[in-house]
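>>> Let's see this in three dimensions:
(chains A and B)
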2 protein chains.
Amino acid sequence: MFIIVTYDVDVKRIDKVRKTLRKYLNWVQNSVFEGEISISNLAKCKAELEKIIEENDSIYFYELKSPYAVTKTVIGEDKNVTDNFL
Amino acid sequence: MFIIVTYDVDVKRIDKVRKTLRKYLNWVQNSVFEGEISISNLAKCKAELEKIIEENDSIYFYELKSPYAVTKTVIGEDKNVTDNFL
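Okay, here's the model as predicted:
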């Protein structure tokens, strides 16, 4: 499935959350990851994140049945952060 | 259509971007808005934002043909910021 993950977490935990998400998805904007993921990997990813986050942290998973169900348009810069680190 | 908007903009312009988005959508996480929007309102919203943002700012619009095409799950807190200001 295609997924969009957004997060608002305490600065102390951001690196850990990003490191976890980068194992499974592409970092496309400051607090946004995207990509194809299997149901089992999504479950693993969520379980890992559950161990990291604490009170007031927030992570949203927008799960799309297929990448064709969404059209993405960009205003300004397409950050696609992952590219900058490869 | 249902839409998810994420943004990464310079701190100087964040309030203006949020004020514009709040006219059309619900503020659901630090840099995420969501909601139903008509094609004409989406065009208006984008045009307004184009006038605000500058170099290095980034706004993504994930346009979904229907709200049923996406399943949203939350880990941690469901921030739904808009509620806090109503």
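>>> For chain A, name the helix or strand with the lowest mean pLDDT.
helix A:81-85 (a mean of 49; mean pLDDT, DSSP states H and E).
>>> Residues of chain A that sit close to chain B?
A:4, A:6-9, A:28-32, A:46, A:49-50, A:53-65, A:69-79 (Cβ under 8 Å from any Cβ of the partner chain). In this view, the C-beta of every residue, glycine as well, is placed from N, C-alpha and C.
>>> and the residues you listed, which are buried?
A:4, A:6-9, A:28-32, A:49, A:53, A:57-64, A:69-70, A:75-76, A:79 (16 or more other Cβ atoms under 10 Å in any protein chain shown).
>>> from the residues you listed, which ones fall inside strands?
Among these, DSSP state E puts A:4, A:6-8, A:28-29, A:32, A:58-64, A:70, A:75-76 in strands.
>>> quick one: contacts for residue A:72?
For residue A:72, the contact set (Cβ atoms under 8 Å, 6 or more residues apart in numbering or on different chains) comprises B:60-63.
>>> Next, name the residue at the spatial heart of chain A.
Nearest to the geometric centre of chain A sits residue A:33, at 3.0 Å (Cα atoms, centre = their mean).
>>> Tell me what it is bridged to.
Per DSSP bridges, the residues bridged to residue A:33 are residue A:5, residue A:27.
>>> how much space between the nearest residue to residue A:4 once chain neighbours are set aside and residue B:54?
Distance criterion Cβ to Cβ, 6 or more residues apart in numbering or on different chains; nearest residue to residue A:4, sequence neighbours excluded, is residue A:62 at 4.2 Å. Noted for residue A:62: a distance of 28 Å to residue B:54, by Cβ to Cβ, to the nearest Å.
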